[in-house]
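Chemist: 3D model of this:
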Amino acid sequence: MSLMFLLTIIGVIFGYSFLNSDNSNTAKFISELKGHDLKVKDITKEVRKEMPQLDLKTAVLMVEENERVYIENPVSAEESIKELIPVLTNPSVDFTGIPHLYQQDELVISYFGQNKKLLSALEEILGKSLVE
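Modeler: I've put the predicted structure just below:
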């Protein structure tokens, strides 16, 4: 299963609310990442051009030049996480990077990778990943 397919599933499962830079929780999260000396850029528009099947209500950040962080604002973060964890922990799913899943207030944040600086910042800001 590809990452693009997984992101499509995430969009369908969650029924996301629209996210934009004015969302206070999203802005707070971005500010916290920058506070950890991370370079952060909103690349949502660019990603939608290369991945048109990506849910239109998903925000994507580029962190440290090559790491993507996905931010969703689902109707119920708890329900969304319950539905997503089995997908992320399924050994038959082939991810492009190691999946990490976090919750901050109503936001569900996912990252697929191993960047130690980013992972350290995510853990400090959001706590331990919900998937191991």
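Chemist: alpha carbons only for contacts and neighbour counts from here, please
Modeler: OK.
Chemist: Then residue 85 would be within a strand, right?
Modeler: No - with DSSP: H, G, I helix; E, B strand; the rest coil as the criterion, residue 85 is assigned helix and is not in a strand.
Chemist: OK, contacts around it?
Modeler: By C-alpha atoms under 8 Å, 6 or more residues apart in numbering, the contact list for residue 85 reads 130-131.
Chemist: measure residue 49 to residue 109 for me?
Modeler: Distance of residue 49 to residue 109, given as C-alpha to C-alpha, to the nearest Å: 21 Å.
Chemist: Mind checking which of these two has more residues around it?
Modeler: residue 109 (23 against 10; other C-alpha atoms under 10 Å).
Chemist: thought that one was touching residue 68?
Modeler: No - Residue 109 lies out of contact with residue 68 (C-alpha atoms under 8 Å); the separation is 10.7 Å.
Chemist: how about the helices in this protein?
Modeler: 3-14, 24-34, 44-50, 77-88, 116-126 (DSSP state H).
Chemist: could these go into CSV alongside mean pLDDT and distance to residue 94?
Modeler: Putting the helices of the chain into CSV (pLDDT from 0 to 100; distance: least, C-alpha to C-alpha, whole Å) gives the following:
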stretch, mean pLDDT, distance to residue 94
helix 3-14, 56, 8
helix 24-34, 91, 27
helix 44-50, 89, 20
helix 77-88, 90, 10
helix 116-126, 97, 20
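Chemist: Now the ones you listed in JSON lines, please, with extra columns for distance to residue 62.
Modeler: Compiled in JSON lines, those are given as follows (distance: least, C-alpha to C-alpha, whole Å):
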{"stretch": "helix 3-14", "distance to residue 62": "16"}
{"stretch": "helix 24-34", "distance to residue 62": "11"}
{"stretch": "helix 44-50", "distance to residue 62": "9"}
{"stretch": "helix 77-88", "distance to residue 62": "21"}
{"stretch": "helix 116-126", "distance to residue 62": "11"}
